[in-house]
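**Student:** quick one: sequence and predicted model below, then my questions.
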Amino acid sequence: MAIQAALFFSFLLLLISISQASPVSLPDTHKNVPRIWGTSASDWKKLGKDIEKVAKDTGNGIKEVAKDTGNFFKDVGTTAKEVGGSSMDAIVDIFDPNNPPKGLSIPCNGSPFLCSRKYGNITHIGAHNSFGATDNPLELSANQKWDVTKQLDAGVRLLQGQVHLDGGKMKLCHSYCMDPIFYDAGPVVNYLKKVKKWLDANPGQVVTILFGNPDRHKGADLETQWHPQFVNSGLEPLIYRPPPEVVYREDWPTLQEILDQGKRLIVFLSYGANRTRVDYLLPEFDHMWETPFTITDKKRLKECELDRPSSIGTNGSMYLMHHSLNYRFMGTPGVVPTRYGAKEINTFNSILEHSQACAKMANRWPNFILMDFIDVGEPFKAMRYFNNV
């Protein structure tokens, strides 16, 4: 028990030091320090020395300490048996940043280091048309392989999708609700119920949803169509409602401040939002700008430009970087996603090069990086790099 208490106290002091750390966000000041859950390698080395000291003071070897503290290590997804060897090896094995322990919900979107970071000062990986997930090769317009639950499990914290009014029902579809050419994922409320189930199982996470609203002039009314989707899915009480003055990225609260209010979801609507009617549907282009989408030439993914809206400035606002490649379907004006292209552009270096071009213009890394086939490549390695965690 004494050993367990000593280790727990060391770990607690470590987390306190993390929460007081100053975030680094700008490219010119970014330091590529290897981090494990937002904790520098030197911090873990210190914890390793604490373990060695406990072993020395108690006259036990490292393996004996690991055995005695089995419950401590089991709580972070391993067992005493798996941490034999040196204390530093044990720490690295347990807290591998590329393979976090299964079944452990790490707070603040995967890193305690982000708890004190403002929502507007964090990079999130987004799943483009996150509802469009399938292995069916006939579904040419599908943008993902993993379903929304697996996307969230992997670390996606921006879910994007198009909502269409089809036969009086709000449905998630890619351009049109016409399977198999245009992906039809069915009712919005069913999709949102999956998000609700995941949030219930993963406290301490803040998820963002961005919905396109192309049918706003065709009866997709805020009160009678949009609002019931969030009420009937059970998500409405979890949605954060920022004060009206929250517009620019530095205006946003920290993740911890959002969580402290019992809120874990932020919802943006591309067009048609009106907060005097539905106060939690935020107008996207009042808060952020976007780079061009439906890119078919990968050379353009080495450049950056403001696509929409033209009226917003690039310095103070959040922004979304589209990082996906499409091809023209049989010579038509229509474009479809390409999984082959994702293998080329979902690499760390490709994401970094595109982000560096945008950072020169916006003086910060992207807030959201929207991608196809997030199961391919290294999107989460890039996310950790930009967040310095």
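**Tutor:** Nice, thanks for sending it over.
**Student:** give me the low-pLDDT residue ranges for this structure?
**Tutor:** 1-106, 137-140, 176-182, 219, 328-335 (pLDDT under 70).
**Student:** what about the helices in it?
**Tutor:** Taking DSSP state H, the helices of the chain run over residues 2-19, 41-58, 62-68, 70-74, 87-94, 107-110, 148-154, 188-201, 227-232, 255-260, 284-287, 339-345, 348-362, 379-387.
**Student:** so Asn326 makes contact with Ala342?
**Tutor:** No - look at Asn326 against Ala342 with C-beta atoms under 8 Å: they stay out of range, at 10.4 Å. Placement of C-beta: from N, CA and C, glycine included.
**Student:** higher neighbour count, those two?
**Tutor:** Shown here are Asn326 and Ala342; by other C-beta atoms under 10 Å, Ala342 has more neighbours (24 against 18).
**Student:** nearest spatial neighbour of the more buried one, skipping sequence neighbours?
**Tutor:** Counting by C-beta to C-beta, 6 or more residues apart in numbering, Ala342 lies nearest to Phe373, which is 4.0 Å off, once chain neighbours are set aside.
**Student:** residues contacting that neighbour?
**Tutor:** Each residue near Phe373 by C-beta atoms under 8 Å, 6 or more residues apart in numbering is listed here: Asn143, Gln144, Lys145, Pro337, Arg339, Ala342, Asn346.
**Student:** list the buried residues in stretch 112-131.
**Tutor:** 112-131 (16 or more other C-beta atoms under 10 Å).
**Student:** so which of those are in strands?
**Tutor:** If you go by DSSP state E, the buried residues of stretch 112-131 have His124, Ile125, Gly126, Ala127 in strands.
**Student:** hmm, the last one is touching Val156, no?
**Tutor:** Going back to what we said before, that points to Ala127. Yes - judged on C-beta under 8 Å, Ala127 makes contact with Val156 at a distance of 4.8 Å.
**Student:** which residues do those two both contact?
**Tutor:** Counting by C-beta under 8 Å, 6+ apart, the common neighbours of Ala127 and Val156 are Ile374.
**Student:** count of neighbours near Val148?
**Tutor:** By the criterion of other C-beta under 10 Å, Val148 has 22 neighbours.
**Student:** who's in contact with it?
**Tutor:** Contacts of Val148 (C-beta under 8 Å, 6+ apart): Ala127, Ser130, Phe131, Ala133, Leu159, Tyr191, Lys194, Val195, Trp198.
**Student:** what residues are up against the third one?
**Tutor:** Spelled out, that is Phe131. When contacts are counted by C-beta under 8 Å, 6+ apart, Phe131 touches Val148, Gly161, Leu172, Tyr183, Ala185, Tyr191.
**Student:** let's see it at 10 Å
**Tutor:** Shown in contact with Phe131 (C-beta atoms under 10 Å, 6 or more residues apart in numbering): 142-144, 147-148, 159-163, 171-174, 183-186, 188, 190-191, 194.
**Student:** now which of those residues would you call buried?
**Tutor:** The neighbour count (16+ other C-beta under 10 Å) marks 142-144, 147-148, 159-163, 171-174, 183-185, 188, 191, 194 as buried among the contacts of Phe131.
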